[in-house]
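**Student:** Predicted structure and sequence below. I'll ask about it afterward.
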Amino acid sequence: MSLRAAAARPRVLLTVLPGGTAARLAAERQLRLRDWPLAASPAQADLLLVAGPDCPGLRAPLERLWQDLPTPAARVSAPGADAVQAALDSGRAQLGSREGQLDRIRASAGAHRHGGRPAKGEEGPGGVHDGHGPHGHGGMEMPGGLSMAGVGEDRDGLTLDQLHLPLGPFLADWPSGLTVHLVLQGDVIQQANLADPIAPGGEGAAPFWAQPWIQADAGEPVTAGEAARRRSAAHLDSLSRLLSVAGWPAQTVVARRLRDDLLAGAPGPAMAPRLERFTRRVGRSRTLAWATRGIGELSTQGGKQAGVSGPAARAGGDVTDRYRQWLADIRRDLGRLDQPARLQAAEAEESPRGRWRAQHPPSAALVTVLPALLTGAELAAARLIVASLDPDMDELLPTRREVRAPHD
Amino acid sequence: MTESGAWWTLLAAPAMLFCLAALAVAANSVLDARDAGRSAGPAAAMRPFLALPRALLTQPRRLPAPDVLLWRAGIAIVPVAAVLSTLVIPFGNVAVADLSVGVLWFNAMEVLTWAGLWLAGWGPNAAFSLVGGYRFLALGLAYELPLMFALISAATGAQSLRVGDIAAAQQGLWYAVWMPVAFVVYLAGVLAFGFLGPFAYPTGRDLAGGVLSDASGVEWLLLQAGRWLWLAAGAAMAVPLFLGGGAGPLLPAWAWSLIKTLAVLAVLVVAVRRLPLVRADRYVELAWVVLIPLTIAQTLVPALVDLAR
């Protein structure tokens, strides 16, 4: 009885695997309608929802994440968008069932006997406990078995502790599949190294946000309205993450709702005034602009040299300029949401993150400029920088080429 | 005139504070439901309270080398300080304890949250949590001095640190009217010591929840309760400080206190939702360059008026 009461409104840790964009969107929509809050860390969550196709390379970090959830907890996975409803229902049932929870307690007690809790590793939002570097202090006993931080020179020539902190692959409001290893001194990032993207195990689908362009490339009929819709929805998705990271939860929800309605095919004339109201409110917020000014400067010139072609290159500036560019692009597309004309060659119209070229997807360029932008920034700015570029790691997956193959 | 209440007010004041905080949470939840496209009825208002059984049932987690004592102490301090702050706030004409240094008491309790949140961030021995705790210190550095000058403005106007005296001194003209800067800075301070809305920096989602990132179950519940209790306490304190306390036509004093408190609380909840987060490094700049000089100038106004009397 009490277990069931506690399971009435589970907090969900939504973990997105590479290629899981469609499942994530379905999950976010469902959670919004059911009013199940999104947890920001495993400690706050009851339900671990894994969205996306199984990925052998990420099984171990997922397991650690799962160990980090406090009991009672349940874990469900939704490989695709249509599995989300059932997964959520089964998750709630597991949370409310006495047997399921006893099993978990027994399992964790067993794991504890056999050499303690699994070593917490590099990845995961909870995996911040041993962010200290691999600098052994041979033989000395350290509190909790953790090693002390190593030291190194900082930008001012002072010798400071170095903290090795990985961001990703499972962070809330973070591009799925992206992992950045940071070396921090104080809260300043001294070094940022990208980890190789991890490919999903099985056959992946085409990257969700670039789908219309891939289809047009393959000669399938795609309307311009469809492309404009997908592009606006992608920008709203990016904006929702940026707003969440920047700390404006009310507008985050508005952005997600608009995105979901666009993807569900709500008629353009009904969407236009709502989109206009949203872009006006966010675009005119001086506080938001003030909080994001001067962070992550990427000039048009520098962007183009790195191969960036989308809104990020056109904006040519800091985080503020980039989100305002998204808003401007959404406004520009307002009248085209229902255009029946066929999408001309994919070259003519930009995909959400830049000109679509199968061999050089626009997100690849966004990822290459990341380390340089992150180095020297403060930790608080790092998330804003990543969110303002919002690379879609699915575009970098090899599965995309298989989609292209017959046409080449 | 404000008088100290009977023994039972010691129980009634915290109970009322809890009701006000719950009301704010419910209102926020209804607005959430409206934004998210769910039905915004009474059911939506009750949804957040489903977190109660859940929090009580959640088992403690095992963390590598946490500082359990300081962690728990820190977490408990936040809601406890909020409740203690209400002892000096008059409701109508009755306060639990109408101390001669009531304003100082309120300020001292609010500063206790500094220690509380910092320890709550320190305890779990985790990077995001620690950064979250330090963020509150940075935020404190920015909001505290302007807030203190705002409190001093009201105290100077009444030439007393007794909250009841301050309310009584506003016969005719509310301090909110002729000390608008102090009033606005005070309201911003309330959001800041409640670490909500534009000042939710210590619990930022960019830090996976910051101070809250390793808090589960009861720990999480106490910190969340603490922030809404502080919001309610701050709203209640605004009434005697700036809005003339229980004074008003026709209705009894307690009714006016209640109406004014609810109005301030509504304004605060709307502000929490309408304003995006302000990062502490940016706010420090504004606070020290603009707000501190402004609030000092504001304090001068009642001081000069008092001298001229």
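**Tutor:** Structure received. It should be emphasised that the depicted structure is a prediction, and the values quoted were computed from it without experimental measurement. Numbering: from 1, shown residues only, chains lettered A, B, ... in the order given.

**Student:** Walking through the stretch 151-300 of chain A, point out its strands one by one.
**Tutor:** A:159-167, A:180-185, A:188-194 (DSSP state E, counting those that start in this stretch).

**Student:** Can you add mean neighbour count and distance to chain B and give these back as TSV?
**Tutor:** Any C-beta I mention is one placed from the backbone N, CA and C, and that applies to glycine too. Shown next, in TSV, are those (neighbours: other C-beta atoms under 10 Å in any protein chain shown; distance: least, C-beta to the nearest C-beta, whole Å):
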stretch	mean neighbour count	distance to chain B
strand A:159-167	19	6
strand A:180-185	20	8
strand A:188-194	18	12
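
**Student:** now these in CSV, with mean pLDDT?
**Tutor:** Formatted as CSV, these follow (pLDDT from 0 to 100):
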stretch, mean pLDDT
strand A:159-167, 80
strand A:180-185, 88
strand A:188-194, 89
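
**Student:** can you count the residues close to the closest residue to chain B within the stretch 251-400 of chain A?
**Tutor:** Nearest residue of the stretch 251-400 of chain A to chain B (C-beta to the nearest C-beta) works out as residue A:383 at 3.7 Å. Neighbourhood size, residue A:383 [other C-beta atoms under 10 Å in any protein chain shown]: 24.

**Student:** okay but it is in contact with residue A:244, surely?
**Tutor:** No: counting by C-beta atoms under 8 Å, residue A:244 is not a contact partner of residue A:383; they are 9.7 Å apart.

**Student:** Residues in contact with both of those two, list them for me.
**Tutor:** residue A:173 (C-beta atoms under 8 Å, 6 or more residues apart in numbering or on different chains).

**Student:** Could I get the contacting residues of residue A:392?
**Tutor:** With C-beta under 8 Å, 6+ apart, residue A:392 has these contacts: A:21, A:175, A:207, A:209, A:210, A:234, A:352, A:353, A:363.

**Student:** let's go with 10 Å and repeat that
**Tutor:** The neighbours of residue A:392, taking C-beta atoms under 10 Å, 6 or more residues apart in numbering or on different chains as the test, are A:21, A:175-178, A:207-210, A:234, A:237-238, A:351-353, A:361-363, A:366-367.

**Student:** how about it, phi and psi?
**Tutor:** phi -100, psi 100 (degrees, to the nearest 10).

**Student:** Not counting its neighbours along the chain, what's nearest residue 258?
**Tutor:** You didn't pick a chain, so chain A it is. Sequence neighbours aside, residue A:236 is the residue nearest to residue A:258 in space, at 5.4 Å (criterion: C-beta to C-beta, 6 or more residues apart in numbering or on different chains).

**Student:** that's the wrong chain, I wanted chain B
**Tutor:** In space, residue B:258 is closest to residue B:91, 7.7 Å off (C-beta to C-beta, 6+ apart).

**Student:** That neighbour bridge partners, please.
**Tutor:** residue B:94 (DSSP bridges).

**Student:** thinking it is in contact with residue B:252, fair?
**Tutor:** No: shown here, residue B:91 and residue B:252 do not form a contact pair, counting by C-beta atoms under 10 Å, at 11.2 Å.

**Student:** Give the residues shared as contacts by these two.
**Tutor:** Contact criterion C-beta under 10 Å, 6+ apart; residues bridging residue B:91 and residue B:252 by contacting each: B:246, B:258.

**Student:** How far away from the center of its chain is the lengthiest helix in chain A?
**Tutor:** Looking across chain A with DSSP state H, the single longest helix is helix A:224-246. A distance of 13 Å separates the centroid of the chain from that of helix A:224-246, by C-alpha atoms, centre = their mean, to the nearest Å.

**Student:** so what secondary structure elements neighbour that helix?
**Tutor:** helix A:21-34, helix A:211-217, helix A:249-263, helix A:268-284, helix A:286-292, helix A:311-315, helix A:319-332, helix A:379-389 (3 or more C-beta pairs under 10 Å, 6 or more residues apart in numbering or on different chains; DSSP states H and E).

**Student:** and the residue of the stretch 1-150 of chain B found nearest chain A, how many residues sit next to it?
**Tutor:** The stretch 1-150 of chain B approaches chain A most closely through residue B:65 (2.6 Å), counting by C-beta to the nearest C-beta. Neighbourhood size, residue B:65 [other C-beta under 10 Å]: 14.

**Student:** Flag the shaky bits of the stretch 101-250 of chain B, pLDDT-wise.
**Tutor:** By pLDDT under 70, the stretch 101-250 of chain B contains no weakly predicted segment.

**Student:** 90 instead?
**Tutor:** B:125-128, B:130-131, B:157-159, B:164-165, B:168-173, B:175-178, B:197, B:204-210, B:213-217, B:244-250 (pLDDT under 90).

**Student:** Run through the residues of it sitting next to chain A.
**Tutor:** Residues of the stretch 101-250 of chain B lying close to chain A (C-beta under 10 Å from any C-beta of the partner chain) are B:124-131, B:134-135, B:138, B:197-201, B:203-210, B:212-217, B:219-220, B:224.

**Student:** What about those residues, which are in strands?
**Tutor:** If you go by DSSP state E, these have nothing in strands.

**Student:** Restricted to helices, list those residues.
**Tutor:** Within these, residues falling in helices by DSSP H are B:127, B:128, B:129, B:130, B:131, B:134, B:135, B:138, B:217, B:219, B:220, B:224.

**Student:** Name the pair among these with the greatest separation in space.
**Tutor:** Greatest spatial distance among these (C-beta to C-beta): B:138 and B:217, at 27.9 Å.

**Student:** neighbour count winner among these two?
**Tutor:** When residue B:138 and residue B:217 are compared for neighbours, residue B:217 comes out ahead with 19 against 16, by other C-beta under 10 Å.
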